[in-house]
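A.B. asks: Here is the input, now give the coordinates:
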Amino acid sequence: MHRFYTQQVAGNLLHLQEEEARHCAKVLRMQMGDTLEVFDGKGNLYTASIQLITKREVQAIILETTHFPKSSYQIHLAIAPTKNISRLEWCIEKACELGIESITPLLCQHSERKIIKADRLEKIILSATKQSQKVHLPTLLPLKTVKEYLGIDKKGAKFICHCAYATNPHIATLYKKDDKVIQIMIGPEGDFDSKEIELATKAGFLSAGLGKERLRTETAGVYACSVIHTLQSLA
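C.D. replies: Sure, this is the predicted structure:
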């Protein structure tokens, strides 16, 4: 069954607009009476029957509603945008498939990219959420400097992954399975500046390694999320 996204739910009716409606009507050529699945990004999954369909709007009556609670753990990924933006887009797509809670683009001292297109990234987040059959939509937070990011109170386990120290313990050895909120910082191609690492350490972040290999920024982001996801799955 085809799955769509909307925030417009009122009573027993829901509406698809703009791109979702066009995809339903023009690409999939769905008709009146067809059944579809719709999620609202907040854990609700609706089974609905199309009552009105045009090129710009789809209205459907809700037949069944199922609510799915959030995951028992939350991964918050703060990552520096890569010079090649397609690499960041790939990272965000894969991290969303793993079920992360939120993403904060980080502006670092060594960042080569200082501007992002939030609309484009939000579309990737939505697409990855639909593809992976999840019903909770990860949040894309505004671009922040390291200092701004660290100035916001952070809960749970906190890790900054960098290559400055060869003796950094692997993130898997630092992580405790009863930690249900996990903050992960990933730096740019040139790694974090020493002052940024110092600021993060003062804010309670633990310096963590990701193995002997030197990973690209986007690979490091996906790998770190995958390690936590795997450890939680085995808990």
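A.B. asks: now residue 9, which residues is it bridged with?
C.D. replies: residue 14 (DSSP bridges).
A.B. asks: what's the pLDDT at it?
C.D. replies: The score at residue 9 is 95. That number is its pLDDT.
A.B. asks: and it, what does it touch?
C.D. replies: Residue 9 is in contact with 40, 44, 46, 62, counting by CB atoms under 8 Å, 6 or more residues apart in numbering. Using the backbone N, CA and C atoms, a C-beta is placed for each residue, glycine as well.
A.B. asks: just residue 22 next, same as before
C.D. replies: 55-56.
A.B. asks: what secondary structure does it sit in?
C.D. replies: With DSSP: H, G, I helix; E, B strand; the rest coil as the basis, residue 22 sits in helix.
A.B. asks: shift numbering so it begins at 230
C.D. replies: Okay, residue one is now 230; in that scheme the one you just asked about reads as residue 251.
A.B. asks: so how far is residue 237 from it?
C.D. replies: 15 Å (CB to CB, to the nearest Å).
A.B. asks: these two touch, right, residue 362 and residue 232?
C.D. replies: Yes: taking contacts as CB atoms under 8 Å, residue 362 lies within contact range of residue 232: 7.3 Å.
A.B. asks: okay, these two: which has more neighbours?
C.D. replies: More crowded of residue 362 and residue 232, by other CB atoms under 10 Å: residue 232, with 14 against 11.
A.B. asks: As a check, name the ranges of all strands in the protein.
C.D. replies: Secondary structure of the chain (DSSP state E): strands at 232-234, 237-239, 242-246, 264-268, 273-282, 286-296, 303-308, 331-336, 368-369, 373-374, 386-390, 410-415, 435-437.
A.B. asks: What is the least confident helix or strand in this protein?
C.D. replies: helix 247-251 (a mean of 90; mean pLDDT, DSSP states H and E).
A.B. asks: Quick check: buried residues in that one?
C.D. replies: Neighbour counts using 16 or more other CB atoms under 10 Å place 249-251 of helix 247-251 among the buried residues.
A.B. asks: The longest helix seen in the chain versus strand 410-415: what angle between them?
C.D. replies: Counting by DSSP state H, the longest helix found in the chain is helix 446-463. Here the directions of helix 446-463 and strand 410-415 differ by 160 degrees (axes from the mean of the first three to the mean of the last three CA atoms, to 10 degrees).
A.B. asks: Which residues does helix 446-463 contact?
C.D. replies: Contacts for helix 446-463 (CB under 8 Å, 6+ apart): 301-302, 304, 306, 308-309, 311, 316-317, 319-320, 323-324, 327-329, 388, 390, 400-401, 404, 406, 411, 413, 415-418, 437, 439-440, 444.
A.B. asks: who touches stretch 394-401?
C.D. replies: The contact list for stretch 394-401 (CB under 8 Å, 6+ apart) reads 388, 390-391, 413, 436-440, 453, 456-457, 460.
A.B. asks: now it: mean pLDDT?
C.D. replies: For stretch 394-401, the per-residue pLDDT averages 89.
A.B. asks: Equivalent analysis for stretch 301-312, please.
C.D. replies: 96.
A.B. asks: End to end on that stretch, go ahead and measure it.
C.D. replies: Using CA to CA, to the nearest Å, one end of stretch 301-312 lies 34 Å from the other.
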